[in-house]
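Colleague: after the sequence you'll find the predicted model.
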Amino acid sequence: MKRLLSAAALLLILGGCGARGDLKLPQGEAPPATPYGAKSTPGPGDLLKPPPQTRPARSDDLIESSDKRRTDEYDLPPPH
C-alpha cells in the first residue's frame, strides 16, 4: 500500500513538471541586463533561441584515398 501511495505521489509531482506557460516578467522585476556589446535588451524569444554554436554544422570526414590503415592491435574478436 505504501508503494502504491508513493508511486501515485511521484506521478502527481512529475506531472506538474511538464506544465509550462508563456514566459513573463514577474510584477515589479527589472528585465535582465543588456549583454555587453548588444544593441538592445533581448526578449524572451531571443533568449530561448539557441545560438548557432550550440549545434555546429556537420562535417563528414570521408576517406577519399585508398591508403591502407595501420592495424589496430586492440581490435580483438569477441570472446566465445
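Modeller: Received the coordinates, thanks. Numbering: from 1, shown residues only.
Colleague: show me where pLDDT drops low in this protein?
Modeller: Within the chain, the segments meeting pLDDT under 70 span 16-20, 23, 56-67.
Colleague: what about the longest helix in it?
Modeller: Counting residues, the longest helix found in the chain (DSSP state H) is helix 2-15.
Colleague: how much space separates the residue nearest to the spatial centre of the chain from Thr71?
Modeller: Against the mean C-alpha coordinate of the chain, by Cα atoms, centre = their mean, the closest residue is Thr54 at 8.7 Å. Relative to Thr71, Thr54 is positioned 38 Å away (Cβ to Cβ, to the nearest Å). Glycine gets a C-beta too; all of them are placed from N, C-alpha and C.
Colleague: what's downstream of the longest helix of the chain, the next helix or strand?
Modeller: Per DSSP states H and E, the first helix or strand lying C-terminal to helix 2-15 is helix 44-48.
Colleague: with just CA atoms, put that next one into CSV.
Modeller: What follows is helix 44-48 as a C-alpha-only set of coordinates in CSV (Å, rounded to 0.1, in the frame of the first residue of the first chain):
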residue,chain,number,x,y,z
PRO,A,44,12.1,36.1,-24.1
GLY,A,45,12.1,34.7,-27.6
ASP,A,46,15.6,35.9,-28.2
LEU,A,47,16.8,34.2,-25.0
LEU,A,48,15.2,30.9,-25.9
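Colleague: now do it: distance to the chain's middle.
Modeller: Relative to its chain's centre, helix 44-48 lies at 15 Å (Cα atoms, centre = their mean, to the nearest Å).
Colleague: burial count for Lys2?
Modeller: By other Cβ atoms under 10 Å, the residues close to Lys2 number 6.
Colleague: same question but for Asp75, I mixed them up
Modeller: Each residue near Asp75 was counted by other Cβ under 10 Å, and the total is 6.
Colleague: helix, strand, or coil at it?
Modeller: coil (DSSP: H, G, I helix; E, B strand; the rest coil).
Colleague: how much space between it and Arg69?
Modeller: To Arg69, Asp75 is 11 Å away according to Cβ to Cβ.
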